[in-house]
Structure formats: structure tokens, C-alpha cells
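Visitor: Structure of the sequence below:
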Amino acid sequence: MEGDLEDCLLSKVDLRRQWISQMVEEVQQVVHHLTTEISYQDFRFQAVPYCDTYNENIKVLAPTQFLITVPMRGLAGYREARQQRWRYYSLKGARLPRPLQDPEGLQQWLEVEQFLKSPGQWHEADVNIEGDIVPAKVLQVFRKLVENAIETCHLSGRVRMLMDHLVVRVVVETSAGQVELQLTPSVDIPTAWSKKAQWPSCLKRWPSPETVQCIKSFGFSLLACSSYHWQLSFLRAEQVLLEQLDEDGGCRRKCFQALRQMKEDVWCPGTRPVITSYHLQTVLFWTCEKYPYPKDWQVFTRGFLRLVRKLHKCVSQHFLKHYFVRKSNLLQHASSCELDALAQTLAFFLKDPQISLP
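Guide: Predicted coordinates for the structure are as follows:
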């Protein structure tokens, strides 16, 4: 098995990197073009920059499924909400007889008064209800801007809007095939660490205290991808953690790449897989925390199978804790049937770990 897995990494992983790089290159050209036009039309949305190297606004969830975060402009000086209050409004602003459900796990309200600086555009009724910046309203404005930008930029032949009741999704034609993008407005908060992220736990040996301090300095973001509540995101912090995986000379990254390759090619292929690279990344972080020493990551096969076993456990239990906000289950809304089928596939593999890639 060791030799087969090494061959997989030398060939398939490298080919995947080239393929993904080409698609990211073409996608970010389109996204930069669209968001530049959107930013021109509405000050509150910022253009996604074009980058020659890593673009922090593009997250590859699967080979044909990308998350694009579109920064929002004008809000600065964030502070946690000082007091709790009930919300009694509908998305159209009508009064409700009962209060709305409070946010849970990775979600929170966002009040315009939580920012020391908030231009008048953020107080307007197209995004604001009773002092709250409402993600569904933001998405409604953003969707119309995307539709108009596709026409204005003459991209109708390459970019197609998908019908979705809430989030904004488009399909982009690239030379390597179609890529589905979720375009998500994002409020970046680089000056604070969310109180909901009680991380790290006491007495944990991984990552090091220096790395923890570095990671927390990147803050967090709030994504508009639901009706009333904003979703906490730690994409920058997670990327830094990934980049510093093997500072002690281990093989964590290599094991993760093999896990991802097997997931995409054999265990869970498809355009909208039930398990994405983000889930695998979370499995990796939890496993690194459980096995914090360099000696735990010197033998590739052991490290790889350790990750597979952790993935199998999470999929079987339909439970995968978010790494930073530990009260949140990343598999809460995943298809039970798809998770059960994947759990069975992983169980068969663990009985006889043979690599067979298409």
C-alpha cells in the first residue's frame, strides 16, 4: 500500500494541482471582472482582487465547486453586541407576533451599531431592518447586481445564474469544464476574535502557543448565506494553520492531500459532494490536535489511515465539530443517505486499504 499511495501523490495530486490552478486562474479573471462592475454600481461591495499567487477570496470545496467571498466595504471598528434584544420583524419589515429564533453555533446577528464607522448606505432599508444588517436583504441586492454585471460585462456566454432561493450561485465555463461558484458577501473583521470561538482548549499541545497567537490575529469574517443570521467564518485563520502544518518536518499535508484525492476520485466524487475539502480540512485539524507530536507524523501510511478512521467515525455518527466553534456540527444539514453510503465505502476501505484510482 505504501508504494501505491506514494505513486498516487506523485502523479494524481500534482495533476490535480495543475488542473485546479488553471481553473482558479480563469475563474478569478471572471470574478474580478464581475465584482469590479458591481463595486462601481454599489459602494458597499468591494471588487475581488486578481492575484498571481494564492487568492484568499477563493476557496476550493471540490474540483468543480468554489466558494467566493466578496468583501463588503464601509464597516469598521467592530465590537461585540453589548445587550441582547428580541427581533419581531419579517424579511419584508412587517411586525411578527413572536420573536425570531436566536442564532446558534456558527451564526450571529449583526447590528449596524456594532461598528464605530458605518456609512449611511448601511442604514438604508434595502439592507437594514430595525438597526440590523440582514443577510437576506444584502443577498437580494447582491443578486440583482450580479445579474446586471453579467450583462454589462458581456459574460452571458460564459456565466450563467443558477436558481437558488437564497444564496447566489453561478456556473462559469472554463477550458477545463464548468465550475459552480457560490458568491457570498463577507464582512471582514480583522481586529477581533469571535467570542463564540472558545479556542484552543486548555492543555492542548497543538498548535503551539505562538501559532495560536498568530492565527487569532487574523480575526474572522461574517458571511451572508442565510435569512436573518450571519455565519461566522475563519477562512484566513484556517489557511494560516494549513500553511504551518509541517513546520516540525512531519507528513500531515501529504496525508491530507492523499485523503482528498481518494475522496474526490473514489469515495465521494461529483459536482456537489456531501463531504467537501473543508470537511476534510476540519478532520485534519482535529486529528493533528489529538496526535500533536512530530513522531506521530513520520510514517505516511499510519498518518493517512489515522485520517481515514477519523473521517469514517465522523461520517458514521453524522457529526463533525467545527474546529473553532465547537458547538457547531458541520454535518447537521448533510444528507443522511449520502453520509451512510460514504461510511460504508470507508468501512470497506479500512478492512482492506488498497489504492485504486481511475
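
Visitor: Give the rounded mean pLDDT of whichever helix or strand residue 342 is part of.
Guide: When secondary structure is defined using DSSP states H and E, the element that contains residue 342 is helix 336-351. Averaging the model's pLDDT scores along helix 336-351 yields 96.

Visitor: Might you report the residue contacts of the residue lying closest to residue 167 once chain neighbours are set aside?
Guide: Among residues not flanking residue 167 along the chain, residue 225 sits closest, at 5.3 Å (Cβ to Cβ, 6 or more residues apart in numbering). Every residue, glycine included, has its C-beta placed from N, CA and C. Remark: with contacts taken as Cβ atoms under 8 Å, 6 or more residues apart in numbering, residue 225 is in contact with 135, 139, 166, 167, 182, 184, 231.

Visitor: all helices in the stretch 1-150 of the chain, in order from the N-terminus.
Guide: Secondary structure of the stretch 1-150 of the chain (DSSP state H, counting those that start in this stretch): helices at 2-8, 14-41, 135-152.

Visitor: which SS class is residue 156?
Guide: In three-state terms, and counting by DSSP: H, G, I helix; E, B strand; the rest coil, residue 156 is coil.

Visitor: That one - how many residues pack around it?
Guide: Residue 156: 10 surrounding residues under other Cβ atoms under 10 Å.

Visitor: Run through the residues that contact it.
Guide: residue 150 are the contacts of residue 156 under Cβ under 8 Å, 6+ apart.

Visitor: and the gap between it and residue 148?
Guide: Residue 156 sits 12 Å away from residue 148, going by Cβ to Cβ, to the nearest Å.

Visitor: cool, and residue 226?
Guide: 24 Å.

Visitor: Shouldn't residue 202 be within a helix?
Guide: No. If the criterion is three-state DSSP, then residue 202 is coil and not within a helix.

Visitor: Check it and give its pLDDT.
Guide: At residue 202 the predicted local distance difference test score is 80.

Visitor: And for residue 197, nearest residue in space, chain neighbours not counted?
Guide: Counting by Cβ to Cβ, 6+ apart, the nearest residue to residue 197 once its immediate chain neighbours are dropped is residue 324, at 4.2 Å.

Visitor: hmm, back to that, if you rank the contacts of residue 225 by neighbours, which is first?
Guide: Within those, neighbour counts (other Cβ under 10 Å) peak at residue 135, which reaches 28 neighbours.

Visitor: What residues does it make contact with?
Guide: Applying Cβ under 8 Å, 6+ apart, we find residue 135 in contact with 110, 185, 223, 224, 225, 226, 227, 228, 229, 230.

Visitor: List the contacts of the fourth one.
Guide: Translated: residue 224. With contacts taken as Cβ under 8 Å, 6+ apart, residue 224 has the following neighbours: 135, 136, 138, 139, 142, 184, 185, 186, 187, 230, 231.

Visitor: that older thread, what about the residue nearest to residue 197, neighbour count?
Guide: Close neighbours of residue 324, defined as other Cβ under 10 Å, add up to 25.

Visitor: do residue 23 as well
Guide: Residue 23 - counted by other Cβ under 10 Å - has 22 other residues nearby.

Visitor: Surely it and residue 180 touch.
Guide: No. With the criterion set as Cβ atoms under 8 Å, residue 23 and residue 180 do not qualify as a contacting pair; they are 11.3 Å apart.

Visitor: what ranges of the stretch 251-358 of the chain fall below the confidence cut-off?
Guide: Across the stretch 251-358 of the chain, residues meeting the criterion (pLDDT under 70) sit at 355-358.
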